[in-house]
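1. Generate coordinates for the sequence data below:
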Amino acid sequence: MTSTGAPDHPEIEHSHVGVDEDEKRLAELGYAQSLQRGWSSFSNFAISFTIISVFAGCFTTYGQAWNNGGPIAISWGWPIICGLVLLVAFSMSELVSKYPTAGGIYWWASELGGKTWGWFTGWFNLIGLVGVVASVDYAAATFLNALLALYELDVFGINFGDDAHILSETWLLFALILALHALINIFSSPLVALFNNISVFWHVIGIVIVIGVLIIVPDHHQNFDFVFTERINNSGFTGGSNGSFFFWIYVLPLGFLLTMYTQTGYDASAHISEETRGAALGAAKGLWRSVFWAGVFGWFALLAFTFAATDVDAINEGGGSSIAIFESAMSSGWAKFIILLSTVGQLFCGMAGLTSASRMCYAFSRDRAVPGWRIWTRLNHHRVPAYSVLFMATLCLIVTIPAFWGEGAFPWPFFAVVSITVIGLYIAYVIPVYLRWRMGDAWEPGPWSLGKKYKWVNPAAVVWVGICVVIFCLPFTPAGMPGTQGGDDPADPFRWEAVNYAPITVAVVIAAVGIWWLVSARHRFTGPVRTIEMDETGRVVAEKPLPASGGE
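-> The predicted structure is shown next:
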C-alpha cells in the first residue's frame, strides 16, 4: 500500500481561523461539524476491532464451521478467507481517506455513481448494521444464558439453562442487553469511546488468556493431523458424507460464514470518521488494521479451540459450539471463566455496533433517505443522535423475533440473522469499491492510497463478495428446504424455524425501497445534501436550513 501526499486544496489556506483540518475537509464535503470530534485514531481503530470482535464472531459461530466442513473449515478456511476480506478492507480504506464522513459507504456510492447507487447502497448498509447488532447481542445473550446455567442460578423464577425454555430465556436476555446498550449510547458518547478503548485490551489480553488456558488446562489435545486435515459434515446433507463433490462446493462453503460474519462491522471506522481527529489517515488505517489484527488473533484462538476439541461426540451433541468444547475439555470452573471473558467481550461488541448503526442512520437521515428523517437527525444535549439509537435498537429487536418461537435449543434464526449481516454489509461494502474501480485513474485518492494496486484489488474484492452472497442465501439444513423431508430421516419434515430467511428479509426490504424509489423517492432524494455552502476561498458563507418537506 502507498501513502500519497494529501490532495491539493489551495482554498484551505484561506479558510477562516478556528476551524481545524478535519472540519475544513468536512466542510468541503458539505457538512458542518455537528458531532463531537473527540475520538483519537486509536479509538477509531478500537471501535472497528471491537465490532469485529473475536469473542463475538469466533466464539459464537464456531459451530457453523465445525458442522459444515469441520477442522479444515477453521484451520485453513479462516486465514484464506481473511486474506480475501482484506482486499475489501484495503479498498474501503482508500475511500474513507478521500471521503471521511459519517455517511461512509452510501456517501461514497453517491459521490462515485450518483444518487441511485447511493440510495440502494445506504439501504443495504442499514440492513447489514441491524443484523450486526441483533446477532451480536443475541449471541451475547446465548453465552450469558449458558454462564447463568453453569452457576445454576434461578432469577425471578427463571431457571436458566432449562432446555425446554432456553430460546425464550435467551430472547429475554437479548432484549435486556439491547436496552442497556441503547441507554449507554444515548447518555454518554465519551463513555462509549472509553469502553471501546478498554475493549481492545480486553479482547487482546482476554484472547491470550483463553489460548493459554486451552493449551495448559486440558489433559489431552488433538494432533496436527486432526486440526489441519479432518473433515466433518453434520449439516444433514448427503448422509454426512465429507468427500463428495457436493461437500466441497456446498457444505464446506457454508462453513465460511464463521469468517465472513466475524469480519464484519469494520465500516464503523468510516461512520465514526466525523468524530475522529485526523480522520483522513486515522480512519483509513483503523479500518484495515482492525481486519488484519482480528484475523491474526482470531486464527490463534480458533486453533486453540480445535486442538482442545478431543471429545468429538460431546461436541457434536452440543451442536459443534465452542461452549461444548470448553465444557468437555476442562472443569466447570475453567469453562465458566472462559465463557465469562467471552460474554463481556461480546457485550463490548454489541455496544459499539449500536454506535456505528446509529451514526449510519443519522447520516442517511441527514440526507433525507429514511422515513421520519427529522426525528433521526435530532441530537440530544450530549450531541448524540438519541432517536437514531432507539430506532436501530427497535429494528434489531424486531428482526430477531423469530428466534423467540424457535424449536428446541438450536436457534436457526440466529444464523439467518448472521447471514443478513453478511449479505447486507458486504453488498454495501463493494458497491462503492466497484464504482471506484470503474472510474480508474480519473479518480483522485486521498492521503491513504492503494496506488495502482486498485486495478486488481478492487475487482477481486467484488467477485469474492458476489460468491459469498450466493453461498449465504442457501439453506443451512435440509429441514430448511421447502419440499424436502428435512434430511436423511423421512419422518423429519420441513420446518419453518430451520429456514434461512436472510435472502427473504433482504429481498423484501430491497423490493420495498426499490418500489418506493420508483414511485416517489427518486424525485425527492438527491443524494448527499450539503448543509453548508463555501465561497471560492473556502470560507463557510451559509448554512442551509432543513427543507420543509421531502424524503419522508
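
2. Mind telling me what element Leu194 is part of?
-> Using DSSP states H and E, Leu194 falls within helix 189-216.

3. C-terminal to that helix, which secondary structure element comes first?
-> helix 224-229.

4. all helices for the stretch 351-500 of the chain, in order.
-> Along the stretch 351-500 of the chain, counting by DSSP state H, counting those that start in this stretch, helices occupy 373-376, 386-399, 412-439, 454-471.

5. and the last one, what does it pack onto?
-> Where contact means 3 or more C-beta pairs under 8 Å, 6 or more residues apart in numbering; DSSP states H and E, helix 454-471 is packed against helix 77-98, helix 412-439. (Each C-beta comes from the backbone N, C-alpha and C, glycine too.)

6. Could you check the helix holding Leu194 and say which residues are buried?
-> By neighbour count with 16 or more other C-beta atoms under 10 Å, helix 189-216 contains the buried residues 189, 192-193, 195-197, 199-200, 202-203, 206-207, 210-211, 213-214.

7. Equivalent analysis for stretch 454-473, please.
-> For stretch 454-473, a neighbour-count test (16+ other C-beta under 10 Å) marks Tyr454, Val457, Asn458, Pro459, Ala461, Val462, Trp464, Val465, Cys468, Val469, Ile471, Phe472 as buried.

8. what's in contact with that stretch?
-> Identification of contacts with stretch 454-473 by C-beta atoms under 8 Å, 6 or more residues apart in numbering yields 84, 87-88, 90-91, 94, 253-254, 256-257, 260, 419, 422-423, 426-427, 429-430, 433-434, 436-437, 450, 500, 502-503.

9. rerun at 6 Å
-> 84, 87-88, 90-91, 253, 260, 419, 422-423, 426, 430, 433-434, 437, 450, 503 (C-beta atoms under 6 Å, 6 or more residues apart in numbering).

10. Equivalent analysis for stretch 221-232, please.
-> If you take C-beta under 6 Å, 6+ apart as the criterion, stretch 221-232 is touched by Gly70, Pro71, Ile72, Ser75, Asn242, Thr306, Phe307, Thr310.

11. re the thing from before, out of the buried residues of stretch 454-473, who's nearest Glu275?
-> Ala461 (26.6 Å; C-beta to C-beta).

12. Need the pLDDT of the closest one.
-> Predicted confidence (pLDDT) for Ala461: 97.

13. what mean pLDDT does the helix holding Leu194 have?
-> For helix 189-216, mean pLDDT is 87.

14. quick one: the strands in this structure?
-> With DSSP state E, the ranges of strands along the chain come out as 2-3, 68-69, 154-155, 158-159, 232-233, 448-449, 532-534, 540-543.

15. Going by contacts, tell me the helices and strands next to the second one.
-> The contact analysis (3 or more C-beta pairs under 6 Å, 6 or more residues apart in numbering; DSSP states H and E) places strand 68-69 against helix 252-255.

16. excluding its backbone neighbours, what's nearest Ile325?
-> Leaving aside its sequence neighbours, Ile325 sits nearest to Ala309 (C-beta to C-beta, 6 or more residues apart in numbering; 5.0 Å).

17. Check Phe42 too.
-> Once flanking residues are discounted, Phe42 sits nearest to Asn197: 6.9 Å by C-beta to C-beta, 6+ apart.

18. pLDDT at Gly282, what is it?
-> 90.

19. Repeat that for His9.
-> With respect to pLDDT, His9 scores 34.

20. go on, Asp492?
-> 57.

21. quick one: which of the buried residues of helix 189-216 is nearest to Gly114?
-> Ser189 (33.0 Å).

22. Helices along the stretch 201-350 of the chain, start to end?
-> Taking DSSP H, counting those that start in this stretch as the test, the helices found in the stretch 201-350 of the chain are 224-229, 245-246, 252-255, 257-262, 268-271, 279-307, 312-317, 322-329, 332-366.

23. Tell me which of the ones you listed lies nearest to Val384.
-> It is, among the helices of the stretch 201-350 of the chain and with distance given as C-beta to C-beta, helix 332-366, at 7.9 Å.

24. for the closest one, the distance to its chain's centre please.
-> Distance of helix 332-366 from its chain centroid, counting by C-alpha atoms, centre = their mean, to the nearest Å, is 10 Å.

25. ditto for stretch 372-381
-> With C-alpha atoms, centre = their mean as the basis, stretch 372-381 stands 24 Å off its chain's centre.

26. what's the average pLDDT for that stretch?
-> Averaging pLDDT along stretch 372-381 yields 83.

27. Kindly check the end-to-end length of that stretch for me.
-> Stretch 372-381 has an end-to-end distance of 20 Å (criterion: C-alpha to C-alpha, to the nearest Å).

28. Any stretches of the stretch 351-500 of the chain with poor pLDDT?
-> The model of the stretch 351-500 of the chain has pLDDT under 70 over residues 404-413, 483-493.

29. quick one: contacts for the residue nearest to Tyr106 when sequence neighbours are not counted?
-> Leaving out its chain neighbours, the residue that sits closest to Tyr106 by C-beta to C-beta, 6+ apart is Gly122, at 3.2 Å. Shown in contact with Gly122 (C-beta under 6 Å, 6+ apart): Tyr106, Phe364, Ala369.
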